[in-house]
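> below is the structure, and that's it, no one-letter string:
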């Protein structure tokens, strides 16, 4: 009996060591705990939207002018107006203009510009770095890691979706005039058969 | 007088001998990192340096030992693929204090200024594009599983965050399980086998690299569900490209390890020749590869 008690105690000791040697943790909890997250991406993006994007819009080239230059010489137009980050063939740029809504599709609103060229103001799939990098206001060298840098993209896109895209989508009707500014993502190999897609930064309807 | 003589002798010796670059790689147990390491070493040799590869075996202690040796042996620069975004910072700082600049390749360390430069695959942006494709492939609804890489690696979370920055915006897409398989094909197969037991009706699996995607596909095939479940990977490995061409995988994101490795060696060379003001962080663009464009990538990858 004493022998069995010893075995039992030994087994309990081994099990205790095993149980307390391992710690299970939810992956999302691990991520939250270990990421360098003193950085407040929402506040950063809010400041970008409230205080800096309007200056970018003011300086943005006219969309119709850009499209004419892009049609004539894609590389030259992107070199002149676009920004690239790191080693990349993708350019990001801000454009502005005005036109008439020609169609309202499930993912974008088609706007015809005065010279009959077209832009597609996105109303779904508001993702990617077009606004962050097209603005020229967010410098990667100021970020401790890519996670924080990329969090700005997510946060600014959320703001734009809620405060620009959704109100615009709800009121966009064929025939209405719209003054817009938006960010584009383009490569030299891109063909703009349907029009140039922009993530709206401003969209003001009239008529 | 004696010191001046010694310095003159050392200078003469260093003029006669080529400089040395150390290539420290997180693991050589993965073909992708073998390509990264060998390409970096090859480029360093082409630039006139001696180059030696050190395998950290995904072990931060081993990585620290490599840095000790590299510092003691007087290398001129380190081309570095870290094991841990936080844990590796100290190694890079120790090398910096010893006058040896470090150039991170593909994987990031959590520091804005410890490394001379960091060339990083833009995993987040790649997975935004993959996420958009994923949403469209699934018609904006369904159940899916995510298999993560190493949880201590920033790339794991940059990929996951990029993917979720898109997919989480579609409420009818539900993630029913998220598990790590450490970027390992066999572990991913085991994870997928157990996930399929608990969630037999899933529609898709997103894996943080191609090795895991291929492992997951093996489990899915064995369960007879290859027509039901779409598999998405990341890396652009040759095996994954062939799997896309054969309809086994839905998509991957092509990284460019040779480009990153060669550019890192060139940056190190420029730095050693006096051009010390380099961009501290340089994302390297990646490309979404699907059945529509896989033929552009199958023959040659650089």
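Arrived safely. Given the structure is predicted, the values throughout are model-derived calculations rather than measurements. Numbers count the residues shown, from 1 in each chain, chains lettered A, B, ... in the order given.

> from here on, contacts and neighbour counts on C-alpha atoms
OK.

> quick one: residues contacting whichever residue of the stretch 101-250 of chain B sits closest to chain A.
With CA to the nearest CA, the shortest gap between the stretch 101-250 of chain B and chain A falls at residue B:112, namely 4.4 Å. Residues near residue B:112 by CA atoms under 8 Å, 6 or more residues apart in numbering or on different chains: A:141-145, B:280-281.

> am I right that residue A:126 is in a strand?
No - with DSSP: H, G, I helix; E, B strand; the rest coil as the criterion, residue A:126 is located in coil rather than a strand.

> and it, backbone torsions?
Backbone geometry at residue A:126, expressed as degrees, to the nearest 10, gives phi -90, psi 80.

> and the residue lying closest to it once chain neighbours are set aside, what element?
Sequence neighbours aside, residue A:157 is the residue nearest to residue A:126 in space, at 6.2 Å (criterion: CA to CA, 6 or more residues apart in numbering or on different chains). Secondary structure assigned from DSSP states H and E places residue A:157 in helix A:146-160.

> kindly list the main-chain dihedrals of the residue most central in space within chain B?
The centroid of chain B falls nearest to residue B:106 when counting by CA atoms, centre = their mean (4.7 Å). Phi and psi for residue B:106, reported as degrees, to the nearest 10, are phi 70, psi -60.

> show me where chain B has helices.
Assigned helices in chain B, in chain order: B:2-16, B:31-46, B:60-72, B:89-97, B:123-137, B:154-167, B:185-198, B:210-222, B:238-245, B:257-272 (criterion: DSSP state H).

> do the fifth one and chain A meet at all?
Yes - in this structure, helix B:123-137 sits against chain A according to CA under 8 Å from any CA of the partner chain; the contacting residues are B:124-125, B:128-129, B:132.

> related to what we said a few turns ago, for the residue nearest to residue A:126, give its distance to residue B:82.
Going from residue A:157 to residue B:82 by CA to CA, to the nearest Å gives 31 Å.

> same deal with residue A:117?
49 Å.

> have a look at the two and say which one is more surrounded.
residue B:82 (28 against 17; other CA atoms under 10 Å in any protein chain shown).

> model confidence score at that one, please.
pLDDT recorded at residue B:82 is 95.

> and it, what are its phi and psi?
phi -70, psi 160.

> thinking again about what came up before, pretty sure the residue nearest to the centre of chain B contacts residue B:260?
Yes - the pair residue B:106 / residue B:260 is scored as a contact, 7.0 Å apart, by CA atoms under 8 Å.

> returning to that earlier point: would you format the helices of chain B as a markdown table with mean neighbour count and mean pLDDT included?
A markdown table is the format used below for the helices of chain B (neighbours: other CA atoms under 10 Å in any protein chain shown; pLDDT from 0 to 100):
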| stretch | mean neighbour count | mean pLDDT |
| --- | --- | --- |
| helix B:2-16 | 10 | 49 |
| helix B:31-46 | 20 | 95 |
| helix B:60-72 | 17 | 97 |
| helix B:89-97 | 18 | 97 |
| helix B:123-137 | 23 | 96 |
| helix B:154-167 | 24 | 92 |
| helix B:185-198 | 19 | 97 |
| helix B:210-222 | 24 | 97 |
| helix B:238-245 | 21 | 95 |
| helix B:257-272 | 21 | 96 |
